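*Asks:* from the sequence below, what's the structure:
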Amino acid sequence: MKKMTTVLKVSIVLILLFLAFGVFFTSQLEAAMTAAQAFVFAHFGWYFQILVTLLLIFAVYLGFSKYGNVRLGKPDEKPEFNRLTWFTMLFSAGIGIGLLFYGVSEPIGHFSSPPNGEGGAESDAIRGVSSTWLHWGLHAWAIYALVALALALQQFRYQAPGLMSTTLRPVLGKYAYGPVANVVDTIAVFATLFGVAASLGLGSQQINAGLQFIFGVPYNLGVQFIIMTIVTIIFVTSASTGIQRGIKYLSNINLSLTGILLLFMLIAGPTLFLINMFASGLSDYVQNFLGWGLRMDPIDEQEASWTQNWTVFYWAWWISWTPFVGMFVARISRGRTIREFMAGVLLVPSIVSFFWFSTLGGSAIFLELFEGREVSSQSLETALFYVLETYPLGGVMSVFAIIVVTIFFVTTADSATFVLGMQTTGGSLNPPVSIKIMWGIFFVSVTAILLVVGGLSAFQTAIVVSALPLSVIVILMCIGIVKTLNLDQKRGK
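*Replies:* Just a heads-up that it's a prediction; the model follows:
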């Protein structure tokens, strides 16, 4: 690279400082992150709840508003992909390792430890699934949709670079350039880094847990570091040799394998129970999702703690993923109208996720309610393998699940290095190989430090803290969407 951007220089310095502090002052970093997480949860939980609810309402409004016929591109431009391909790509954009990590563990967790009451009763079964849908459904995809829309409007109608800072130009004008742009893009880099690092950390833990469950491999940091090293070699080799088709091929394979796992568990499991669970959960979700999205009880400590540890964490996680997912969704949606864009981004991935969690989570709840299996006592990373063990060909399917998680790991890391390469090279659609390799190494290094510092708790802290400043940028982006659309209307575009 002939000239390093300011965003790249600042990001490298800050990351190296973080890594050095993590290596030499591990206990101090752990204490600081614990205190930071507690502070944000206690003082800004209400903020995340209100913000994400308003973002969902705003996204729905845009779909039904007078702006619904505005096209993301030239007025006569046709979509680059047909609808089926677009729907498939939308789903694969926002799913990740978390879909397998939480597929069983979250619904059974909400079933056994709900926001209210003791849990574990038949009356908690449906709520366990619908509570999970709250975190993976419309609210999450509204966040992605709005960031992607802001990026698409600037890229395809004004030929601006694919950077988060360009979406603020309608709001900040000349102040959206120079130092302000560098600050915004650097915040986006760190939010992406920590958000994706969480997924990579979960992936290494789940692969390790699966190997332990099936083959008796020890579950510890050493094994997880080995797993991350092997996966790093795979995706860094891919990046350095420029094998783009290979990663795309892996992504398609991954989606197909995930579908096979889903159908296997539906057909080989309690099929009628799972279908009824989906229908009943959908009814419960539709009736309650807006109210749950604003839940932050000031009196009931159990409900407040549950909301902070689950809902607020998820809202922060999805916000931290917006630069990553938003750029991809924007790129594949050129030529769509805003109405079609909002309908597709909000509904299609949400419905598929609903079916996924009702099948995997419903299977776990069935085993605990009617067969006496203690699925809820399993750790988050082993719950999936414990459930698969009860199915025909359980050992084979557990190995199958490990393969799926591994491919998720590779494709997520490779895509994230590409997006971070774009963000730190001025929006280049073809960032240098050396930059992609550098980000791949940084990803694994940050993931390793967070695993040492506190595992899942450390990932939560990094996500929540980095998402806080990014959330302010998202608010400004929404204001920019309105100003851009109004300006387009006045110009007759």
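*Asks:* kindly format the C-alpha coordinates of the helix or strand residue 100 falls within as CSV.
*Replies:* For residue 100, the host element (DSSP states H and E) is helix 97-101. Output of helix 97-101 as CSV, limited to C-alpha atoms (Å, rounded to 0.1, in the frame of the first residue of the first chain):
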residue,chain,number,x,y,z
ILE,A,97,-21.4,-18.7,14.6
GLY,A,98,-23.9,-17.4,17.1
LEU,A,99,-26.8,-19.2,15.3
LEU,A,100,-25.3,-22.6,16.3
PHE,A,101,-23.8,-21.4,19.6
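*Asks:* so what touches the helix or strand following it?
*Replies:* The helix or strand immediately downstream of helix 97-101 is helix 105-112, counting by DSSP H and E. For helix 105-112, contacts defined as CB atoms under 8 Å, 6 or more residues apart in numbering pick out 119-120, 124-125, 127-129, 131-132, 135, 310, 357-358, 360-362, 364-365, 368, 375-376, 378-381, 383-384. C-beta coordinates here come from the backbone N, C-alpha and C atoms, glycine included.
*Asks:* try it again with 6 Å
*Replies:* 119-120, 124, 128-129, 131-132, 357, 361, 364-365, 375-376, 380, 383 (CB atoms under 6 Å, 6 or more residues apart in numbering).
*Asks:* ranking the residues you listed by neighbours, who comes first?
*Replies:* Ranked by the number of neighbours (other CB atoms under 10 Å), the contacts of helix 105-112 place residue 361 first, at 32 neighbours.
*Asks:* give me the number of residues near the nearest residue to that one once chain neighbours are set aside?
*Replies:* Excluding its sequence neighbours, the residue lying closest to residue 361 (CB to CB, 6 or more residues apart in numbering) is residue 107, at 2.4 Å. For residue 107, the count of nearby residues is 32 (other CB under 10 Å).
*Asks:* ok, now residue 372?
*Replies:* Residue 372: 7 neighbours (other CB under 10 Å).
*Asks:* look at it and give its secondary structure.
*Replies:* Secondary structure assignment for residue 372 (DSSP: H, G, I helix; E, B strand; the rest coil): coil.
*Asks:* now it. Its backbone dihedrals?
*Replies:* phi 70, psi 20 (degrees, to the nearest 10).
*Asks:* where does the stretch 1-150 of the chain have low pLDDT?
*Replies:* Across the stretch 1-150 of the chain, residues meeting the criterion (pLDDT under 70) sit at 1-3, 92-96.
*Asks:* please flag which of the contacts of helix 105-112 sit within strands.
*Replies:* In strands, defined here by DSSP state E, there are no members of the contacts of helix 105-112.
*Asks:* hey, where'd the helices end up in the stretch 351-493 of the chain?
*Replies:* Taking DSSP state H, counting those that start in this stretch as the test, the helices found in the stretch 351-493 of the chain are 383-388, 394-423, 433-453, 456-491.
*Asks:* right, so those: which one is the most enclosed?
*Replies:* Neighbour counts (mean count of other CB atoms under 10 Å) averaged over each of the helices of the stretch 351-493 of the chain peak at helix 383-388, with a mean of 27.
*Asks:* just checking, what packs against that one?
*Replies:* helix 394-423 (3 or more CB pairs under 6 Å, 6 or more residues apart in numbering; DSSP states H and E).
*Asks:* the helix it packs on packs against which elements?
*Replies:* Short answer (3+ CB pairs under 6 Å, 6+ apart): helix 394-423 packs on helix 179-215, helix 221-241, helix 244-268, helix 313-332, helix 383-388, helix 433-453.
*Asks:* can you do 8 Å?
*Replies:* In terms of contacts (3 or more CB pairs under 8 Å, 6 or more residues apart in numbering; DSSP states H and E), helix 394-423 is packed against helix 97-101, helix 179-215, helix 221-241, helix 244-268, helix 313-332, helix 383-388, helix 433-453.
*Asks:* can I get the ones you listed in JSON lines with distance to residue 415?
*Replies:* Shown next, in JSON lines, are the helices and strands packed on helix 394-423 (distance: least, CB to CB, whole Å):
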{"stretch": "helix 97-101", "distance to residue 415": "12"}
{"stretch": "helix 179-215", "distance to residue 415": "9"}
{"stretch": "helix 221-241", "distance to residue 415": "9"}
{"stretch": "helix 244-268", "distance to residue 415": "8"}
{"stretch": "helix 313-332", "distance to residue 415": "7"}
{"stretch": "helix 383-388", "distance to residue 415": "23"}
{"stretch": "helix 433-453", "distance to residue 415": "10"}
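*Asks:* one step back: who wins for proximity to residue 226 among the helices of the stretch 351-493 of the chain?
*Replies:* helix 433-453 (11.1 Å; CB to CB).
*Asks:* so what's the gap between that closest one and the chain middle?
*Replies:* 18 Å (CA atoms, centre = their mean, to the nearest Å).
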